[in-house]
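A.B. asks: any chance you could fold what I've pasted below:
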Amino acid sequence: YTTALPISKNPVTISVAPGTYIESIKLCGGRYISIIGTNKTTCILQDNTGNYYTPPLEIAGNSSIKNMTVIATHDDGIICDMPSYAIHHDFAGKGNSLISNCKLISYQHFAVGVGLRNNQTLTIEKCELYSTAKYGLYVHNRMKNDAENQKLIVKDSVIKRSE
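C.D. replies: From the prediction side, this is the model:
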């Protein structure tokens, strides 16, 4: 008989080597997962669909993203009715998330879309947020009467409409 460790006692760190990775990654559900690039300018996560449902990166509570460039394009040639963020943080799961020392670019929507939930904190620090179509950051909270303890911290970052 064995007992599995709670997720918080078994964190996972993914180290990213330089390169361009065409992916749509979902880190949701409070999994204590960190993605750490070795170099912000040479470790690139990119999705070319421009689709809201397949951004390069979706995160929720207890995620950490560091030293990366994350790009949402519509290079596949189809401009979607619901365009993509570079990072979308909008899912259930208590805990703290961190985006640090990243360059975040969307060529059709906000660079980062944030929907905070109860007992969540998202910190964006030392980042560059760029969007050619909108502004860099879109935020809403849990839109119900029982919304509590939702925090967004943005520090030492640049938010611009275009790159």
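A.B. asks: which strands border the lowest-mean-pLDDT helix or strand in the chain, and is each parallel or antiparallel?
C.D. replies: Averaged element by element with mean pLDDT, DSSP states H and E, the chain has its least confident helix or strand at strand 137-140 (a mean of 86). Here strand 137-140 has these sheet partners by DSSP bridges: strand 112-115 (parallel).
A.B. asks: need the contact list for the residue nearest the centre of the chain.
C.D. replies: Using CA atoms, centre = their mean, the residue of the chain that lies closest to the mean C-alpha position is Ile87, 3.2 Å off. Counting by CB atoms under 8 Å, 6 or more residues apart in numbering, Ile87 makes contact with Pro55, Pro56, Leu57, Glu58, Ile59, Ile65, Val70, Ile99, Leu104, Ala111, Val112, Gly113. Yep, even glycine has a C-beta here, placed from its N, CA and C like the rest.
A.B. asks: likewise for Gly19?
C.D. replies: Taking CB under 8 Å, 6+ apart as the test, what Gly19 contacts is Thr42, Cys43, Ile44.
A.B. asks: and it, how far from Asn96?
C.D. replies: Counting by CB to CB, to the nearest Å, the gap from Gly19 to Asn96 is 28 Å.
A.B. asks: picking up where we left off before, which one of the contacts of Gly19 sits in the busiest neighbourhood?
C.D. replies: Among the contacts of Gly19, the one with the most neighbours (other CB atoms under 10 Å) is Cys43, at 23 neighbours.
A.B. asks: who does the nearest residue in space to that one that is not next to it in sequence form a beta bridge with?
C.D. replies: Spatial nearest neighbour of Cys43, excluding adjacent residues (CB to CB, 6 or more residues apart in numbering): Gly37 at 3.0 Å. Gly37 has these beta-bridge partners by DSSP bridges: Val16.
A.B. asks: wait, isn't Gly37 in contact with Lys66?
C.D. replies: Yes. Using CB atoms under 8 Å, Gly37 is in contact with Lys66, at 6.8 Å.
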